[in-house]
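K.L.:
build the 3D model from these lines:
(chains A and B)
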Protein chains: 2
Amino acid sequence: MNDKAKRMERRIALTKLLTDSPGRLFSLGYFSTMFGAAKSTLSEDVEAIQQALAEFGLGKLETVAGAAGGVRFLPYVSSQSTNEILTSLAETLASPERVLTGGFLYMSDLLFDAHIMARVGEVFMTCFAQSRPDCIMTVETKGIPLAMMTARAFNLPLAIARHGSKVTEGSAVSVYHVSGSNRRIQTMSLPKRAIAPGSRVLLIDDFMKAGGTARGMIDLVHEFDAAVVGLGVLIATEEPSQKLVDDYQALLILSDVDEHTKTVKIHSAL
Amino acid sequence: MNDKAKRMERRIALTKLLTDSPGRLFSLGYFSTMFGAAKSTLSEDVEAIQQALAEFGLGKLETVAGAAGGVRFLPYVSSQSTNEILTSLAETLASPERVLTGGFLYMSDLLFDAHIMARVGEVFMTCFAQSRPDCIMTVETKGIPLAMMTARAFNLPLAIARHGSKVTEGSAVSVYHVSGSNRRIQTMSLPKRAIAPGSRVLLIDDFMKAGGTARGMIDLVHEFDAAVVGLGVLIATEEPSQKLVDDYQALLILSDVDEHTKTVKIHSAL
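P.N.:
Purely as a prediction, here's the structure:
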């Protein structure tokens, strides 16, 4: 195989390796061993991949200088792509057959769709990159896939708070909170090992109405002597406009679900 | 930009698009519009990408012929890589500081690590590809990230059974099962919309001891007039050797956790 064919092959493999592990820092030395290529050659490869990704709005490569440096893929989403993703989601959610008894909206199929949640996780990563979180946190159950995909986009650990503490996870910290939809008092707990003191925590959830669950998550983070640097929710309801939390980023706003006419009003918040 | 530079750029972008959405079928027409390239040119691109991925053991491209055809990425994991992934996981899990009171093992950090779970999900996809599932199912909570990543590798919908049914997901089907670790009777339920009758369901969970939870999932699938085509668990305990389910694929076998000496015996099952 000639040099040009080898170069093509190497750049394809590099693209796969880098983009498939967002946020992971690969040293040029690692690639050098893997491909038997000089670091200067690999720098040219990285430059070419960076240009191609930029050309088609597919994220960017970041080069970190120094002995502990290397290159990593950051899956930034353009505002145009974000717009397309959210418009498409809103359209899908507005379908009449999603309206359930009680005026709820069936959305588990979307919340549990890996490819859609991967894109939404990248949107959250783009929104909150400036906040420099070092940990993502959610509460079970329906927000877990989205929080996981956000953690993937950032390459950060994920902590999942649970309702009631489980003996199989060691000692835990618990807080009480008021669940917004039924005004019940619930416990929410997290293993002590899940968040290190001083962490910068980004909270991610699928849905927010009154904000009681989000309030509980914030209280829980404070119990760990950690800081909340952001709160992202996929869907927030328009009412009540006064939530139990002040500062949050919703991607979609749900204004109304009419159980009788099967009409859903939902739109992008960005 | 000359043709060769354009070709390089296009192949890098194609690699990102294909490998970032495993299992998703892209038509050549779609790519043709996106890149302004002839389908014959794109076929050559696909061939080159396929060869490069094969060369470095990074999965394969599959071409589907016909009007509804196209190309998709299948993240098959080689047996050598599988071995490396499982050996590394077993070593990490055998660390003394993971031993909790009661002889439990702390593993949430690994179960909630997106990059590690992505690899394990691909291992399950490789194991169960022959079973041709059309849906992945798990039960909340700790197995969700792994099940989600398995669903991502397959490009299949994910259903998440919950303990007790939630009013916000519409009508649901419930079963009783005995939880293995504490012999308690628990309910497990799934929204009626989550699984279509006649589905071929692959069950994925993080941990199995007696198999009561797995038994409950199997019973639940049967209530939907659907079939279980496989059961994959990341870790199965060696004892009891007689489980409540007969046919399962574990990736790791946990033989012993000694609370006093902080010794953990765990090894790859493959």
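K.L.:
use CA for all of it now, contacts and neighbours both
P.N.:
Fine.
K.L.:
low-confidence ranges in the stretch 151-270 of chain A?
P.N.:
Scanning the stretch 151-270 of chain A for pLDDT under 70 picks out the ranges A:165, A:167, A:180-182.
K.L.:
would you mind naming what in it lies close to chain B?
P.N.:
Residues of the stretch 151-270 of chain A lying close to chain B by CA under 8 Å from any CA of the partner chain are A:151-152, A:155-159, A:168-170, A:194.
K.L.:
same thing with the stretch 1-150 of chain A?
P.N.:
Within the stretch 1-150 of chain A, the positions near chain B by CA under 8 Å from any CA are A:8-13, A:15-16, A:19-21, A:48-49, A:51-53, A:56, A:58, A:100-101, A:104-109, A:112-115, A:140-141, A:144-145, A:148-149.
K.L.:
show the buried residues in the residues you listed.
P.N.:
Applying a neighbour-count criterion of 16 or more other CA atoms under 10 Å in any protein chain shown, the buried members of the residues of the stretch 1-150 of chain A next to chain B are A:8-13, A:15-16, A:19-21, A:48-49, A:51-53, A:58, A:100, A:104-108, A:112-115, A:140-141, A:144-145, A:148-149.
K.L.:
the residues you listed in helices, which ones?
P.N.:
If you go by DSSP state H, these have A:8-13, A:15-16, A:19, A:48-49, A:51-53, A:108, A:114-115, A:144-145, A:148-149 in helices.
K.L.:
where does pLDDT dip in the stretch 1-150 of chain A?
P.N.:
Those would be none, if you go by pLDDT under 70 across the stretch 1-150 of chain A.
K.L.:
now the helices for chain A?
P.N.:
A:3-19, A:28-35, A:39-55, A:79-93, A:108-111, A:114-128, A:144-154, A:212-223.
K.L.:
need the winner for burial among the ones you listed.
P.N.:
Of all the helices of chain A, helix A:144-154 carries the top mean neighbour count, a mean of 30, counting by mean count of other CA atoms under 10 Å in any protein chain shown.
K.L.:
just want the angle from it to helix A:114-128.
P.N.:
Here the directions of helix A:144-154 and helix A:114-128 differ by 60 degrees (axes from the mean of the first three to the mean of the last three CA atoms, to 10 degrees).
K.L.:
what's helix A:144-154 packed up against?
P.N.:
helix A:114-128, strand A:135-139, strand A:158-161, strand A:200-208, helix B:114-128, helix B:144-154 (3 or more CA pairs under 8 Å, 6 or more residues apart in numbering or on different chains; DSSP states H and E).
K.L.:
adding distance to B:Leu270, write these out as TSV.
P.N.:
Shown next, in TSV, are the helices and strands packed on helix A:144-154 (distance: least, CA to CA, whole Å):
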stretch	distance to B:Leu270
helix A:114-128	27
strand A:135-139	33
strand A:158-161	28
strand A:200-208	36
helix B:114-128	10
helix B:144-154	18
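K.L.:
nearest to B:Glu223, out of these?
P.N.:
Nearest to B:Glu223 among these is helix B:144-154; the distance by CA to CA comes to 20.8 Å.
K.L.:
what is the burial count for A:Val229?
P.N.:
Counted with other CA atoms under 10 Å in any protein chain shown, the neighbours of A:Val229 add up to 18.
K.L.:
run through the residues that contact the spatially most central residue of chain A.
P.N.:
The centroid of chain A falls nearest to A:Thr150 when counting by CA atoms, centre = their mean (1.8 Å). A:Thr150 sits next to A:118, A:120-122, A:124-125, A:136 when contact means CA atoms under 8 Å, 6 or more residues apart in numbering or on different chains.
K.L.:
quick check: A:Leu53 touching B:Ile12?
P.N.:
Yes. Counting by CA atoms under 8 Å, A:Leu53 touches B:Ile12, with 7.5 Å between them.
K.L.:
if we can go back for a sec, okay, the contacts of A:Thr150 in CSV with distance to B:Asp258 next?
P.N.:
Formatted as CSV, these follow (distance: CA to CA, whole Å):
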residue, distance to B:Asp258
A:Ala118, 39
A:Val120, 42
A:Gly121, 39
A:Glu122, 42
A:Phe124, 42
A:Met125, 41
A:Ile136, 32
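K.L.:
quick one: which of those residues is nearest chain B?
P.N.:
Chain B lies nearest to A:Ala118 out of the contacts of A:Thr150, by CA to the nearest CA, at 9.2 Å.
K.L.:
thinking that closest one is in contact with A:Leu146, fair?
P.N.:
Yes. Taking CA under 8 Å as the definition, A:Ala118 is a contact partner of A:Leu146 at 7.3 Å.
K.L.:
who are the contact partners of A:Thr237?
P.N.:
A:Thr237 sits next to A:208-209, A:253-255 when contact means CA under 8 Å, 6+ apart.
K.L.:
can you say which of the residues you listed are buried?
P.N.:
Taking 16+ other CA under 10 Å as the criterion, what is buried in those is A:208-209, A:253-254.
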